[in-house]
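Student: after the sequence you'll find the predicted model.
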Amino acid sequence: MTVTVETLEKLERKITLTLPVGTIQSEVDSRLKKLARTVKMDGFRPGKVPMNVVAQRYGYSVHYEVMNDKVGEAFSQAANEAKLRVAGQPRITEKEESPEGQLAFDAVFEVFPEVKINDLSGAEVEKLSAEVGDDAIDKTLDILRKQRRTFAQRAQDAVAQDDDRVTVDFEGKIDGEPFPGGKAEDFQFIVGEGQMLKEFEDAVRGMKAGDSRTFPLSFPADYHGKDVAGKQADFMVTVKKIEASHLPEVNEQLAKSLGIAEATVEGLRADIKKNLEREVKFRLLARNKNAVMDTLVANAELDLPNASVQSEVNRMVEGARAELKQRGIKDADKAPIPDEVFRPQAERRVRLGLVVAELVRANNLQAKPEQIKAHIDELAASYEKPADVVRWYFSDNNRLAEVEAVVIENNVTDFVLGKAKVNEKSVSFDELMAQQG
């Protein structure tokens, strides 16, 4: 086999492969003979079909298979000998002219780029920190109490107010015509919690059981019901029942109902704080990791292999179609989703993947077994039976691979934060929780 390698542009390369015709024909004959021993054809006993008949029926497909296999093997061998890191699949075409007794092919493909990461000591990274204070614990306690509140019917002459649960009948019309979803009976909601649009809540607030009221309501332009979004409706609402809410006291009984080991108020607050601190830790880690990755991308120089980007685009398009299918969209697998929608995100993912891989390789930042075990233990700690969760992770190589990827990212984050100029910034618990990702 003779191999030549050409650089076309940036990451694109071309290898010219030549294979002896005799090698191809010898393998075709061998496969046809093997096929003849098992093939079944009308008019012949199994294994007794003449070779010329087998060749006539299967010769083309076998020749095609052999060509694919042999050219694929030749390409892999040539790429290995040239120490090329191939990105994606090569485009292989047969040359019109070949040396006597040879078949020649051109394989055009891309290679992975060299990644240059600039000196990180001059880079700046903002690193957030946050504490879990009493306010955060109090707010969480309020949420837990609301989840366990009880309701008692108010007196007949009482008016609906915030935190009351009301039972109503209502009907809405647009231009005098009813519309889908605009009518309900015995519908319950809690006043002041934003379950209903503000104009609806404002109308019900102050009403008594048995009262009816008609009022206009303007649906927001971005309302989830597209048929009524941006339109004005007239609603009639009748209040049938008003119930006052009662929040449980913060005491040992509440702690016990929540399954707190130390069923005291102090034990309850300590348990909430521990859970919030775990959530804060993961939030900070995710946010600071994103900041580090942004810094890495900004301080790296490389060309992107189009094959890798296109592969990532294809994966994201298929993911989008799968999500549409889950939502019950008809013919979701054929939904026309242009590549350009995902290309910027795909380019960033590929760029970041190559940069991170190079940093890990150059600085030995691979995940150690003890790091993987520690991370799984931490993930399992918030569950009722941590040992079962640990076994669940270690029983599946795909789950372990996901954890390994996270640990590697954490190693990269720590490495960059140790090199770069870090700007520490303290944020409140609420600010951190409000941030995306």
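Tutor: Received the coordinates, thanks.
Student: for residue 417, the count of nearby residues, please.
Tutor: 18 (other CB atoms under 10 Å). In short, each C-beta sits where N, CA and C put it, glycine included.
Student: would you map the helices across the stretch 301-437 of the chain?
Tutor: 306-326, 343-363, 369-380, 386-394, 397-419, 429-434 (DSSP state H, counting those that start in this stretch).
Student: now residue 190: how far from residue 338?
Tutor: 44 Å (CB to CB, to the nearest Å).
Student: those two - which one has more neighbours?
Tutor: The neighbour count for residue 190 versus residue 338, taken as other CB under 10 Å, is higher for residue 190 (19 against 9).
Student: any idea what that one is bridged to?
Tutor: In this entry, residue 190 is beta-bridged to residue 165, by DSSP bridges.
Student: and the pLDDT at it?
Tutor: pLDDT for residue 190: 95.
Student: enumerate every residue touching it.
Tutor: 163-166, 245 (CB atoms under 8 Å, 6 or more residues apart in numbering).
Student: quick one: which of these is most hemmed in?
Tutor: residue 166 (24 neighbours).
Student: and residue 119, its phi and psi?
Tutor: Backbone dihedrals for residue 119, given as degrees, to the nearest 10, come out at phi -60, psi 120.
Student: one more: the one 5 residues further on?
Tutor: Backbone dihedrals for residue 124, given as degrees, to the nearest 10, come out at phi -110, psi 140.
Student: also residue 128?
Tutor: Dihedral angles for residue 128 - degrees, to the nearest 10 - are phi -90, psi 150.
Student: and it, how many neighbours?
Tutor: Neighbours of residue 128 (other CB under 10 Å): 17.
Student: the longest helix anywhere in the chain packs against which elements?
Tutor: Assignment by DSSP state H gives helix 265-298 as the longest helix of the chain. On a contact count with 3 or more CB pairs under 8 Å, 6 or more residues apart in numbering; DSSP states H and E, helix 265-298 meets strand 124-129, helix 134-147, helix 252-257, helix 343-363, helix 397-419, helix 429-434.
Student: most centrally placed residue in this structure?
Tutor: Nearest to the geometric centre of the chain sits residue 319, at 8.7 Å (CA atoms, centre = their mean).
Student: quick one: that residue from residue 326, how far?
Tutor: 11 Å.
Student: please apply the same query to residue 298.
Tutor: 36 Å.
Student: which regions of the protein lie under the pLDDT threshold?
Tutor: Applying pLDDT under 70 to the chain flags residues 1-3, 436-437.
Student: so it: which segments form each domain?
Tutor: Domains of the chain are assigned by the TED database as 4-111, 150-246, 262-435.
Student: mind checking those for the one nearest to residue 124?
Tutor: domain 262-435 (4.9 Å; CB to CB).
Student: so residue 221, which state does it fall into?
Tutor: coil (DSSP: H, G, I helix; E, B strand; the rest coil).
Student: any idea how far residue 231 is from it?
Tutor: Per CB to CB, residue 221 is found 10 Å from residue 231.
Student: got it, and residue 102?
Tutor: For residue 102, the distance to residue 231 equals 74 Å [CB to CB].
Student: enumerate every residue touching residue 354.
Tutor: 112-113, 115, 302, 304.
Student: again, only using 6 Å
Tutor: Residues counted as contacts of residue 354 (CB atoms under 6 Å, 6 or more residues apart in numbering) are residue 115.
Student: could you do residue 174 as well?
Tutor: Counting by CB under 6 Å, 6+ apart, the residues that residue 174 touches are 231, 233.
Student: which strand residues bridge it?
Tutor: Applying DSSP bridges, one finds that residue 174 bridges with residue 177.
Student: cool, residue 215 as well?
Tutor: According to DSSP bridges, the partner residues bridging residue 215 are residue 235.
Student: hmm, residue 302 is touching residue 113, no?
Tutor: Yes - contact criterion CB atoms under 6 Å: residue 302 and residue 113 qualify, at 4.5 Å.
Student: roughly how far is stretch 102-110 from the heart of the chain?
Tutor: 38 Å (CA atoms, centre = their mean, to the nearest Å).
Student: again with stretch 406-418
Tutor: Using CA atoms, centre = their mean, the offset of stretch 406-418 from its chain centre is 21 Å.
Student: kindly report the same for stretch 31-42.
Tutor: 48 Å.
Student: quick one: residue 429 and residue 97, what's the gap?
Tutor: 73 Å.
Student: tell me which of the two has more neighbours.
Tutor: Remark: of residue 429 and residue 97, residue 429 carries more neighbours, 20 against 5, as counted by other CB under 10 Å.
Student: okay, now the residue nearest to that one when sequence neighbours are not counted: neighbour count?
Tutor: Distances taken as CB to CB, 6 or more residues apart in numbering put residue 136 closest to residue 429, at 4.3 Å, once the chain neighbours are dropped. When neighbours are defined as other CB under 10 Å, residue 136 has 22 of them.
Student: give me the distance between residue 136 and residue 430.
Tutor: On the measure of CB to CB, residue 136 and residue 430 end up 8 Å apart.
Student: do residue 383 as well
Tutor: 26 Å.
Student: how about residue 253?
Tutor: 29 Å.
Student: how about residue 367?
Tutor: 33 Å.
Student: also residue 166?
Tutor: For residue 166, the distance to residue 430 - CB to CB - is 30 Å.
Student: with residue 189 instead?
Tutor: Distance from residue 189 to residue 430, by CB to CB: 26 Å.
Student: that concludes my questions; thank you for your assistance.
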